[in-house]
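*Asks:* Test case, fold it:
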Amino acid sequence: MLNHPLRRTVLALALAALSAGALAQKSARPQAAPWPTKPLRILVGFPGGSTPDLVARTIAEPLSKALGQPVIVDNRPGAGGNIAADMVAKATDDHTIGVMINGNMTIAKLLNPATPFDPLKDLAPISLIGTAPLLLTAPASAPGNTAQEFFLAARNAGNKWSYGTPGVGTVGHIGMELLKTKTNIDPVHVPYPGNPQVINAMLSGQIQLSLLPPGLAAAQIRAGKLKAIGVTSVGRSSLVPEFPSLDEGGVTRGFQLEIWTAAAAPTSMPKPIVAKLSALISEIARTPEVRQKLFQQGWQVAGTSSEGLANRIKADTALLGGVIAMRGIKAE
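*Replies:* Numbering: from 1, shown residues only. Got it, this is the predicted structure:
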């Protein structure tokens with residue numbers, strides 16, 4: 001029988017051998033491959049050539065270089081972008097994200113309870129890429145030489161006037177309903193398939209006003225075919241600095257409304273991957289080359305962190321959701 005000191009020594013050596021074996025076995029296990037392991041897919045809920053599509057394609061090439069993998073833009077249009085947003089929400093491959101607009105990431109479920117995803121629960125914010133105010137636009141023959149004179153005519157017209165939007169529940173629709181409550185005007189809503197049809201309706205005199213992206217309306221205004229009433233920003237926008245804001249025109253004080261485009265992932269995507277994508281996309285958006293391209297597309301570059309986008313989602317959901325509830329807006 002071993003004496004106590006010798007027994008302790010043998011036990012210590014045995015334990016050391018076991019520990020060394022365990023460490024060797026652990027180090028021999030295959031390590032997880034660095035992400036990404038395959039091409040990254042960016043889903044876009046609108047057709048090729050649309051604003052979100054152009055944004056996605058603008059960031060795709062530099063993002064591909066940064067990741068060392070192809071970045072594929074996959075257009076899945078329909079339901080105001082919600083078809084693609086739902087696909088993003090349900091993706092489980094850790095290599096699928098989306099480039100979306102306000103509504104997909106804020107009020108989709110509020111507008112239609114049957115929407116198959118909940119943006120606040122099923123989408124993880126990556127980065128707010130670009131923002132833009134809207135431009136209240138009217139036919140060139142619209143009455144008044146100032147915003148205040150135009151709104152006086154609009155109040156006198158009551159529901160004899162109408163306004164156009166690219167659909168029920170769009171920011172143009174909700175924004176106009178908010179503007180109606182703040183200015184006591186009452187034009188009737190007429191939805192169209194898209195903003196090009198809205199512009200054609202104004203050019204032909206079928207409708208009297210609309211909130212449009214500056215990039216779409218500015219060319220017609222500069223050509224004298226449409227009239228700018230005011231921009232939905234507190235100050236003038238760098239996108240169209242020649243046009244005054246509604247706030248500046250004395251119509252509404254502090255009125256601010258923007259459209260935006262952002263990148264989002266499914267909440268199932270690991271947080272380190274979301275953080276990596278957030279850092280890369282925000283940095284890419286703020287590079288001089290990409291910033292210039294986005295500006296030409298009609299965007300003021302934001303390039304925020306995921307937290308910055310989350311804060312914007314929270315604020316816009318409260319603002320637009322309040323209008324939805326107050327005006328009883330439903331998109332079913």
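*Asks:* use CA for all of it now, contacts and neighbours both
*Replies:* Fine.
*Asks:* low-confidence ranges in this structure?
*Replies:* For the chain, the stretches with pLDDT under 70 are 1-33, 332.
*Asks:* Tell me how it divides into domains.
*Replies:* Each domain of the chain is listed here as a residue range: 40-132+258-327, 135-231, per automatic domain parsing.
*Asks:* Columns mean neighbour count and distance to Val251 on top of the ones you listed, output as CSV?
*Replies:* Shown next, in CSV, are the domains of the chain (neighbours: other Cα atoms under 10 Å; distance: least, Cα to Cα, whole Å):
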stretch, mean neighbour count, distance to Val251
domain 40-132+258-327, 20, 17
domain 135-231, 19, 6
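*Asks:* out of those domains, nearest to Ser245?
*Replies:* Smallest distance to Ser245 across the domains of the chain (Cα to Cα): 4.1 Å, for domain 135-231.
*Asks:* Show me where the stretch 1-150 of the chain has its helices.
*Replies:* 4-28, 51-67, 82-90, 102-105, 108-111, 119-122, 147-157 (DSSP state H, counting those that start in this stretch).
*Asks:* Between the two ends of stretch 103-119, what distance do you get?
*Replies:* 9 Å (Cα to Cα, to the nearest Å).
*Asks:* what's the answer for stretch 88-104, then?
*Replies:* Stretch 88-104 end-to-end distance (Cα to Cα) = 11 Å.
*Asks:* Not counting it itself, show me its contacts.
*Replies:* In this structure, residues lying in contact with stretch 88-104 by Cα atoms under 8 Å, 6 or more residues apart in numbering are 36, 38-45, 52-53, 55-56, 80-82, 84-85, 117, 119, 122-123, 169-171, 259-270, 313.
*Asks:* One more pass at 7 Å, please.
*Replies:* 40-44, 52, 56, 81-82, 85, 117, 119, 122-123, 170, 259-266, 268-269 (Cα atoms under 7 Å, 6 or more residues apart in numbering).
*Asks:* Stretch 199-210 too?
*Replies:* Leu136, Thr137, Ala138, Pro139, Trp161, Ser162, Tyr163, Gly164, Thr165, Lys225.
*Asks:* try it again with 6 Å
*Replies:* Leu136, Thr137, Ala138, Pro139, Ser162, Tyr163, Gly164 (Cα atoms under 6 Å, 6 or more residues apart in numbering).
*Asks:* Equivalent analysis for stretch 279-293, please.
*Replies:* Gly303, Thr304.
*Asks:* so which strand or helix has Ala218?
*Replies:* Here Ala218 is covered by helix 214-222, with elements defined by DSSP states H and E.
*Asks:* Can I get that helix in CSV, CA atoms only?
*Replies:* Output of helix 214-222 as CSV, limited to C-alpha atoms (Å, rounded to 0.1, in the frame of the first residue of the first chain):
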residue,chain,number,x,y,z
PRO,A,214,-38.4,65.3,-53.7
GLY,A,215,-36.4,63.3,-56.2
LEU,A,216,-39.5,62.5,-58.2
ALA,A,217,-41.3,65.9,-57.9
ALA,A,218,-38.4,68.3,-58.3
ALA,A,219,-37.8,67.8,-62.1
GLN,A,220,-41.5,68.4,-62.8
ILE,A,221,-41.5,71.5,-60.6
ARG,A,222,-38.4,72.9,-62.2
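*Asks:* Which other helices and strands does that helix contact?
*Replies:* For helix 214-222, there is no helix or strand it packs on, judged by 3 or more Cα pairs under 6 Å, 6 or more residues apart in numbering; DSSP states H and E.
*Asks:* Could you identify the helix or strand that succeeds that helix?
*Replies:* Next along from helix 214-222, by DSSP H and E: strand 226-231.
*Asks:* which residues of the stretch 151-300 of the chain fall in helices?
*Replies:* 171-183, 195-203, 214-222, 271-285, 288-296.
*Asks:* so how far is the longest one off the chain centroid?
*Replies:* The chain centre lies 16 Å from the centre of helix 271-285; the measure is Cα atoms, centre = their mean, to the nearest Å.
*Asks:* Likewise for the last one?
*Replies:* Relative to its parent chain, helix 288-296 has a centroid offset of 17 Å by Cα atoms, centre = their mean.
*Asks:* and what of the first one?
*Replies:* Relative to the centre of its chain, helix 171-183 is centred 19 Å away, using Cα atoms, centre = their mean.
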